[in-house]
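**Q** turn this into a model:
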Amino acid sequence: MFRQALRSQSQACRFSTSVARLQNKAPVNPKQKRPMLSDSKYEAESYQLPKVMQAVGEVAITVFRLDMDRIRAGPIAGSVYYAECKRIGLQFQDEELSDTAKFFYEDLHLPRTFSQWFQITALHTWMLSVRMRAMPFKYGKNYQQKLIDRFFRDMELRLHDEMNVNSSRISDQYLKDYNDQLRGLVCSYDEGFATDDATLASALWRNLFNARTNIDFSHLEAMVKYVREQLYVLSKMSDRDFATGKFKFVPPDQIVNHFTKEQEQEMLERAKKEYEAESLLPSQRSKLSYEN
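**A** Coordinates of the predicted model:
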């Protein structure tokens with residue numbers, strides 16, 4: 001019993017030390033960098049399905065009456081949109097930051113740690129989930145699940161390959177902790193989204209800025225503006241445009257101008273022309289609305 005107690009205490013200490021290392025100091029300096037999504041050729045941006053397979057697929061969709069709105073959830077939410085969220089705050093030690101990463105790590109002075117990357121990515125997955133919840137329930141729920149499943153699967157692989165967390169027990173504890181954090185931030189961001197900027201700023205301060213006492217309030221103001229602008233653009237997208245992967249986050253250095261009624265009407269006319277075309281393939285068809 002005494003040995004078992006010592007062993008449990010030792011394991012707890014190792015996990016506590018690892019958590020502190022990821023959250024407070026440790027830069028992401030992997031011996032092995034993971035690809036953005038996976039090594040699968042099907043997720044490579046340059047990959048194109050052979051024409052024969054495309055033709056067979058189109059026939060199968062028609063014959064079996066496959067629901068493409070359900071099928072798209074995996075490749076769109078789990079691949080396209082997750083990659084969009086992941087890249088925003090992705091950084092590695094001694095490597096040049098992307099323009100969006102510079103905004104978070106240099107302009108806002110956030111620490112360059114794995115846990116900070118999690119917070120940045122979680123914020124962006126939450127913004128997408130807000131739009132997904134506005135879709136018809138069975139489709140929106142499916143998109144949300146595919147996005148979150150991919151998020152945690154990727155974190156598990158990054159912890160092992162990039163952060164050298166080789167113990168499955170410790171990795172599981174990390175993922176449980178991050179899952180608890182995600183649940184908490186979703187509730188706080190939802191409250192901020194539904195109420196006012198002060199509540200949203202408070203949620204961002206507690207989560208993204210880790211409730212630090214020396215916060216520069218201009219940074220909070222910039223983040224509230226950034227989040228509100230992303231949510232505005234998402235609100236102006238039709239279900240069909242969003243579900244087919246046409247959304248991209250607006251860069252922090254760009255200003256979002258609200259659409260006029262004339263511009264919204266022009267967007268609707270373009271959507272009608274695109275989505276009611278007789279030349280649409282079965283794989284391109286959708287039951288989702290193209291009207292906002």
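
**Q** rest of the way, CA atoms for contacts and neighbours
**A** Noted.

**Q** just the helices in the protein please.
**A** 2-20, 51-63, 68-71, 73, 82-88, 99-102, 114-133, 137-161, 168-194, 197-207, 217-235, 239-243, 261-275 (DSSP state H).

**Q** tell me the most buried of the ones you listed?
**A** With neighbours taken as mean count of other C-alpha atoms under 10 Å, the helices of the chain reach their highest mean count in helix 73, at a mean of 25.

**Q** summarise which helices and strands that helix is packed against.
**A** helix 137-161 (3 or more C-alpha pairs under 8 Å, 6 or more residues apart in numbering; DSSP states H and E).

**Q** for the helix it packs on, enumerate the helices and strands it packs against.
**A** Helix 137-161 sits against helix 68-71, helix 73, helix 82-88, helix 114-133, helix 168-194, with contacts defined as 3+ C-alpha pairs under 8 Å, 6+ apart.

**Q** what angle separates it from helix 114-133?
**A** 170 degrees (axes from the mean of the first three to the mean of the last three C-alpha atoms, to 10 degrees).

**Q** ok, and what's touching helix 137-161?
**A** Applying C-alpha atoms under 8 Å, 6 or more residues apart in numbering, the contact partners of helix 137-161 are 30-34, 37, 69-70, 73-74, 77-79, 81-82, 125, 129, 132-134, 165-166, 171, 175.

**Q** likewise for stretch 280-290?
**A** So stretch 280-290 is contacted by 58, 61-62, 68-69, 238-241, 268, 271-272, 275 (C-alpha under 8 Å, 6+ apart).

**Q** got the end-to-end distance for stretch 242-260?
**A** End-to-end distance of stretch 242-260 (C-alpha to C-alpha, to the nearest Å): 20 Å.

**Q** and it, average pLDDT?
**A** For stretch 242-260, mean pLDDT rounds to 96.

**Q** ok, back up a step: dump the helices and strands packed on helix 137-161 to CSV, plus distance to D107 and mean pLDDT.
**A** Conversion of those to CSV gives the following (distance: least, C-alpha to C-alpha, whole Å; pLDDT from 0 to 100):
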stretch, distance to D107, mean pLDDT
helix 68-71, 39, 97
helix 73, 34, 97
helix 82-88, 14, 98
helix 114-133, 14, 98
helix 168-194, 22, 97
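
**Q** tabulate the ones you listed (TSV), appending distance to Q284.
**A** What follows is the helices and strands packed on helix 137-161, written out as TSV (distance: least, C-alpha to C-alpha, whole Å):
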stretch	distance to Q284
helix 68-71	8
helix 73	14
helix 82-88	21
helix 114-133	19
helix 168-194	32
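
**Q** which stretches of the stretch 1-150 of the chain have low pLDDT?
**A** 1-27, 29-31 (pLDDT under 70).

**Q** one more time with 90
**A** Low-confidence segments of the stretch 1-150 of the chain (pLDDT under 90): 1-49, 93-94.

**Q** residues in contact with stretch 220-229?
**A** 127, 197, 200-201, 204-205, 250, 252, 256.

**Q** and with 10 Å instead?
**A** Stretch 220-229 is contacted by residues 104, 107-108, 123-124, 127, 192-193, 197-205, 208-209, 217-219, 231, 234-235, 249-258 when judged by C-alpha atoms under 10 Å, 6 or more residues apart in numbering.

**Q** doesn't Q119 make contact with R112?
**A** No: look at R112 against Q119 with C-alpha atoms under 10 Å: they stay out of range, at 11.3 Å.

**Q** what do those two both touch?
**A** With C-alpha under 10 Å, 6+ apart, R112 and Q119 have common neighbours G89.

**Q** now for Y81: which residues touch it?
**A** 73-75, 124-125, 128, 143, 146-147, 242-243, 245-249.

**Q** ok, 8 Å please
**A** Per C-alpha under 8 Å, 6+ apart, neighbours of Y81: 147, 245.
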